[in-house]
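K.L.:
take this sequence and fold it.
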Amino acid sequence: MGVTAPRRGSGKSFVMGVAVSAAVVLLLACGGEAGAPTPTPTPGPAARLGGTLDQAWTAAQSQVADVLLLTRVRLALLEHLGSDGLRVQVEAKGGVVELSGNVEKRSSEELAEKVAQSVSGVREVRSRVRLSPEAQGPEPPVARVVGKIEREVADAVLEGHVKTRLLEELGKVAFDIEVEATDGVVSLSGTIPDGAREKLAVEIAKGTPGVKELHDLLKVKQ
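P.N.:
Numbering: from 1, shown residues only. Below is the predicted model:
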């Protein structure tokens, strides 16, 4: 049986081939040519699932917060507007509240936005609440305009009286109190340092001649 002898130099070639292969593997492992950017690793299934769950949880929390805010605004409207509160439609998303509907009292038309703004968590109010056409009565156009101007003047005068008394009794604290009057219905809004001065502000406003009804929308500073 014959045995073929190895060719001369074959062992050296084999060693060189192994060295070249190792160098290629090392080069590929290091990302190719020197200076080439290292590719960003693709998130694995677990990481992608975690991100999806986080997004779903955030969305769920947002929806719950929106529903809670909508409920609080509805309750506030019912407390301050009475039956007209039922006529106001409310939408809430991300702290932005939208109001719409037709009410029977002019004071409700003005007060709805203020009431919504006073609810904790509300960032912005967009109001499309309007006085119902049936509630405006069959006045001739000229008489309606004159009557509206007279009512606006009377409202401004009453606001001035209330604000003056607040300034006299509370000093600089009254700067942060906003007074609005509509047909003798007065609302106080803004911030006040403590509950004692909030109570005093309400008593002062209620005791002002011409105030038929008062709505306390003040917020006490935390």
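K.L.:
once you drop chain neighbours, what's closest to S189?
P.N.:
L217 (4.2 Å; C-beta to C-beta, 6 or more residues apart in numbering). (Glycine included, C-beta is placed from N, CA and C.)
K.L.:
the one you found: what's it in contact with?
P.N.:
By C-beta atoms under 8 Å, 6 or more residues apart in numbering, the residues touching L217 are 80, 114-115, 117-118, 187-189.
K.L.:
so which of these are in strands?
P.N.:
Among the contacts of L217, the members falling in strands (DSSP state E) are 187-189.
K.L.:
out of those residues, who's nearest L68?
P.N.:
S189 (21.5 Å; C-beta to C-beta).
K.L.:
show me where pLDDT drops low in the chain?
P.N.:
1-54, 56-60, 136-146 (pLDDT under 70).
K.L.:
show me the helices in it, by range?
P.N.:
Counting by DSSP state H, the chain has helices at residues 10-29, 45-81, 106-117, 141-170, 195-206.
K.L.:
tell me which residues in the fourth one are buried?
P.N.:
So that's helix 141-170. Across helix 141-170, burial judged by 16 or more other C-beta atoms under 10 Å covers 155, 158-159, 161-163, 165-166, 170.
K.L.:
same for it, what does it pack against?
P.N.:
Helix 141-170 sits against strand 177-182, strand 185-192, helix 195-206, with contacts defined as 3 or more C-beta pairs under 8 Å, 6 or more residues apart in numbering; DSSP states H and E.
K.L.:
just put those in TSV and tack on distance to Q89 and mean neighbour count.
P.N.:
Formatted as TSV, the helices and strands packed on helix 141-170 follow (distance: least, C-beta to C-beta, whole Å; neighbours: other C-beta atoms under 10 Å):
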stretch	distance to Q89	mean neighbour count
strand 177-182	21	22
strand 185-192	21	20
helix 195-206	30	16
